[in-house]
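>>> model this:
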Amino acid sequence: MQVVLPPSPADVTVVDLTDRPAGARLDEARRVVAEQSRRPFDLAQEPQFRVTVIRLDDHEHVLHLDSHHIAFDGWSRDVLFRDLAALYGEAATGTPANLPELPIQYADYAIWERETLAGERLDRLVRYWRDQLGDAQFVLELPTDYPRPAVPGTGAATERITIEPALLARIKALGVSHDATLYMVLLAAYATVLHRYTGQPDVLIGSPSAGRSRQETEGLIGYFANTLVQRARFAGDPTFSDLLDQVRASALGAYDHQEIPFEKLVLELQGGQQLSHSPLFQVVFTMLGGSEEGGPATLGDAELRGFGGEGATTKFDLTLFMAERDGALELMLRARSDLYASRTVRRFLGHLRTVLEAVVVSPEQRVSGLPLLREEERAELAAWNDTVVSVGQDATVVELFAAQAARVPDRVAVVASDGEVTYAQLDARANRIAHQLRRHGIGPDAPVGVMLDRTTDLIAALLGVLKAGGAYVPAPPELPAARAAQQLGQAGVRAVVTTSALQDRAPSGAVVLCLDRDAALIDASPDDAPEATARPEHIAYVLFTSGSTGEPKGVAIAHTNVVHYTRAISRVLGDVPREMARV
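Numbers count the residues shown, from 1 in each chain. Reported below is the predicted structural model:
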């Protein structure tokens, strides 16, 4: 129900800053404007329009007009400034404003809309939009710089670029050749970049409509604006020309069926929604004009200019604004700052420009082949991918360890809870274990389970398995018995290195080498290495996935993989301090 208040003078708040130091007045004015802008409106108790005048000196003032969107839209700004200019002139010069009588009031429009948007007419509009959007995906999965919060923020990051007159002329010529407007060409290019970012076959873009299809509404202040959903389809990888024809048809159809309220469309197509995403679409494209970016240039004999500060908030992931000024095209992209950094917003605009430059030259090129990156980005990408390095000759883990042991035999190799051992001691211990495994037929790619605590013996056993040519399969004692049995069985282990206390967990049929029970046999084995049989392509170890999504799966890693990884990580980390290398 609309409650109409009696006519009364506007409540104007005046803030006088002339007593402040001249250099501090602008900053204080900006603070006042920001504070006023954050004040919520009480929809039940107060007029939905506030006016603040900030006096900087005798000849300079700030006029801040603030309204709730429920009572005011972009078109209303033009109406307001037109009437304000006429009334200002009347107050300043005595010239009658002669404002025309309004043919209807907003309440008349509300009644008309309620009466006409019902029955068969409403059903026809709903059917059209169901046909257009019923099978669409309503969430555009754009990559973001930051994790998407459960409840969206409203902070904005805004960037601008200018399309110079020469390129703008070619864009318009492309549109003319397809009987399309500048808006339609930009809409198709915008959708192309969004498609290339997401890979989704459909891109839905919101586009504001003035909603004043009847002449009687053109002079009214109020909320008439509606939001249309434009759909761009990329199935089959169309050429840009085909896409433009499709977008043109979609846009014309949307405007022919624009009278259905957006909130009705949301309820019909999507019903409930997640708070993390706006309904139906998350990106917007809109044209700016008139007072939407700064207002008129004069108010009587007073010069007007934008004070700044607008655009500090946004309701959508991305909003692209276009405006023609002085023969050029200004593009402004506003993004949610809780999702995107400013550099990403600038990069997106650069990619949009690249697409526009490409399509005016070759509109028959398929969308998938259109360039996105600027030259400087290509150079940067090439530098990132210039990762060619000398990885050294192919080798096995055994060969690299043997070379290290020969180079620094007396250096400490392992520090664990049971003490420390040098490279020479570790090499000899591993060789003795390897000889015992060889006697039991262990050779290249033969999986060998190791069930030992984290002691120096664990490292000796691991190296012993590799020196014998086998593949190390870890089965730590803390692993549940059922899980250990499953993994060892799945790996097909032929032998297990463990202790007497754990030998019962070994799979049936596997050879069991107990480091305590068989200590005499192991100690009697040669200290020198057995003949090497494993090659770089043979398996070094088998690790199992966590199994969180089903049965754990074993992943076999070859010696060459381990060697390449070790060499790469060594280049990054350098020498690891001893205190960081404990078992």
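
>>> so what does the helix or strand harbouring Asp242 touch, helix or strand wise?
In the assignment (DSSP states H and E), Asp242 maps to helix 240-256. For helix 240-256, the packing partners by 3 or more CB pairs under 8 Å, 6 or more residues apart in numbering; DSSP states H and E come out as helix 119-133, helix 182-198, strand 202-209, strand 226-233. Bear in mind the C-beta positions are built from the backbone N, C-alpha and C, glycine included.

>>> hmm, 10 Å instead?
Under the contact definition 3 or more CB pairs under 10 Å, 6 or more residues apart in numbering; DSSP states H and E, helix 240-256 sits against helix 119-133, helix 165-177, helix 182-198, strand 202-209, strand 226-233, helix 342-359.

>>> show me what counts as buried in it.
Residues of helix 240-256 classed as buried: 240-248, 250-251, 253-254 (neighbour count, 16 or more other CB atoms under 10 Å).

>>> what of stretch 196-207?
Those would be 196-198, 200, 202-207, for stretch 196-207 by 16+ other CB under 10 Å.

>>> then stretch 123-140?
Neighbour-count burial for stretch 123-140 [16+ other CB under 10 Å]: 125-126, 129, 132-133, 136, 138-140.

>>> closest one to Val12 out of the buried residues of helix 240-256, please.
Ala254 (40.5 Å; CB to CB).

>>> contact partners for that closest one?
Ala254 is in contact with 128-129, 132, 207, 209, 228-231, counting by CB atoms under 10 Å, 6 or more residues apart in numbering.

>>> re the thing from before, among the buried residues of helix 240-256, which one lies nearest to Ala529?
Closest to Ala529 out of those is Phe240 (65.7 Å), distances taken as CB to CB.

>>> wait, the closest one touches Ala232, no?
No - under the criterion of CB atoms under 10 Å, Phe240 is not in contact with Ala232, lying 11.1 Å apart.

>>> which residues do the two both contact?
With CB under 10 Å, 6+ apart, Phe240 and Ala232 have common neighbours 188, 192, 247, 367.

>>> ranges for the helices of the stretch 351-500 of the chain?
Counting by DSSP state H, counting those that start in this stretch, one finds helices in the stretch 351-500 of the chain at the ranges 375-384, 397-407, 423-439, 456-468, 481-491.

>>> that older thread, for the contacts of Ala254, give me JSON lines that also has pLDDT and distance to Val15.
Shown next, in JSON lines, are the contacts of Ala254 (pLDDT from 0 to 100; distance: CB to CB, whole Å):
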{"residue": "Tyr128", "pLDDT": "94", "distance to Val15": "50"}
{"residue": "Trp129", "pLDDT": "94", "distance to Val15": "47"}
{"residue": "Gln132", "pLDDT": "93", "distance to Val15": "49"}
{"residue": "Ser207", "pLDDT": "93", "distance to Val15": "38"}
{"residue": "Ser209", "pLDDT": "89", "distance to Val15": "37"}
{"residue": "Leu228", "pLDDT": "93", "distance to Val15": "40"}
{"residue": "Val229", "pLDDT": "94", "distance to Val15": "42"}
{"residue": "Gln230", "pLDDT": "95", "distance to Val15": "43"}
{"residue": "Arg231", "pLDDT": "95", "distance to Val15": "47"}
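
>>> where in the stretch 251-400 of the chain is pLDDT low?
271-276, 289-296, 308-312, 389-391 (pLDDT under 70).

>>> got the buried residues for stretch 64-73?
Quick answer for stretch 64-73 (16+ other CB under 10 Å): 64, 67-68, 71-73.

>>> inside strands: which ones of those residues?
In this view, the buried residues of stretch 64-73 that belong to strands under DSSP state E are 64, 67.

>>> just the helices of the stretch 351-500 of the chain: most buried one?
Mean neighbours per residue, mean count of other CB atoms under 10 Å, is largest over the helices of the stretch 351-500 of the chain for helix 456-468, with a mean of 25.

>>> just want the angle from that one to helix 397-407.
120 degrees (axes from the mean of the first three to the mean of the last three CA atoms, to 10 degrees).

>>> between helix 423-439 and helix 456-468, find me the angle.
60 degrees.

>>> name the helices or strands packed onto helix 456-468?
So helix 456-468, by 3+ CB pairs under 10 Å, 6+ apart, packs with helix 397-407, strand 412-416, strand 419-422, helix 423-439, strand 447-450, strand 471-474, strand 495-498, strand 539-544.

>>> what about those, which gets the closest to Lys315?
From the helices and strands packed on helix 456-468, taking CB to CB, the stretch that ends up closest is strand 539-544, at 47.6 Å.

>>> next, the buried residues of the closest one.
Neighbour-count burial for strand 539-544 [16+ other CB under 10 Å]: 539-542, 544.

>>> tell me the one of those residues nearest Ala529?
Comparing those against Ala529 with CB to CB places Ala540 closest, at 16.3 Å.

>>> give the contact list for that closest one.
396-398, 445, 462, 465-466, 470-472, 534, 556-563 are the contacts of Ala540 under CB under 10 Å, 6+ apart.

>>> filter these to the buried ones?
By 16+ other CB under 10 Å, the contacts of Ala540 give 396-398, 462, 465-466, 470-472, 534, 556, 558-560, 562-563 as buried.

>>> pLDDT for the buried residues of stretch 64-73 - can I get that in TSV?
Putting those into TSV (pLDDT from 0 to 100) gives the following:
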residue	pLDDT
His64	93
Ser67	90
His68	90
Ala71	88
Phe72	90
Asp73	89
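
>>> that older thread, looking at the buried residues of stretch 196-207, which is nearest Val33?
Nearest to Val33, judged by CB to CB, of these is Gly206 at 27.8 Å.

>>> the closest one: what's it in contact with?
By CB under 10 Å, 6+ apart, the residues touching Gly206 are 227-230, 262, 278-286, 315-316, 319.

>>> thought Glu449 was touching Pro477?
If you look again at residue 449, you'll see it is Gly, not Glu. No - contact criterion CB under 10 Å: Gly449 and Pro477 do not qualify, at 11.9 Å.

>>> returning to what we had before: how about the helices and strands packed on helix 456-468, which one is nearest Glu218?
Going by CB to CB, the one of the helices and strands packed on helix 456-468 nearest Glu218 is strand 539-544, 71.5 Å.

>>> check the average confidence over that closest one, would you?
Computed over strand 539-544, the mean pLDDT rounds to 94.

>>> after that strand, which helix or strand is next?
Following strand 539-544 in sequence, per DSSP H and E, is strand 554-558.

>>> direction included, what does that next one pair against?
strand 539-544 (antiparallel) (DSSP bridges).

>>> and the strand it pairs with, how far from the chain's centre?
Remark: strand 539-544 is offset 36 Å from the chain centroid, using CA atoms, centre = their mean, to the nearest Å.

>>> next, format the buried residues of stretch 196-207 as CSV and append distance to His178.
Below are those laid out as CSV (distance: CB to CB, whole Å):
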residue, distance to His178
Arg196, 21
Tyr197, 24
Thr198, 25
Gln200, 24
Asp202, 21
Val203, 19
Leu204, 22
Ile205, 18
Gly206, 23
Ser207, 18
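
>>> got the domain ranges for this structure?
12-71, 106-292+307-384, 397-580 (automatic domain parsing).

>>> a markdown table for these, including distance to Asp83?
Formatted as a markdown table, the domains of the chain follow (distance: least, CB to CB, whole Å):
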| stretch | distance to Asp83 |
| --- | --- |
| domain 12-71 | 12 |
| domain 106-292+307-384 | 8 |
| domain 397-580 | 65 |
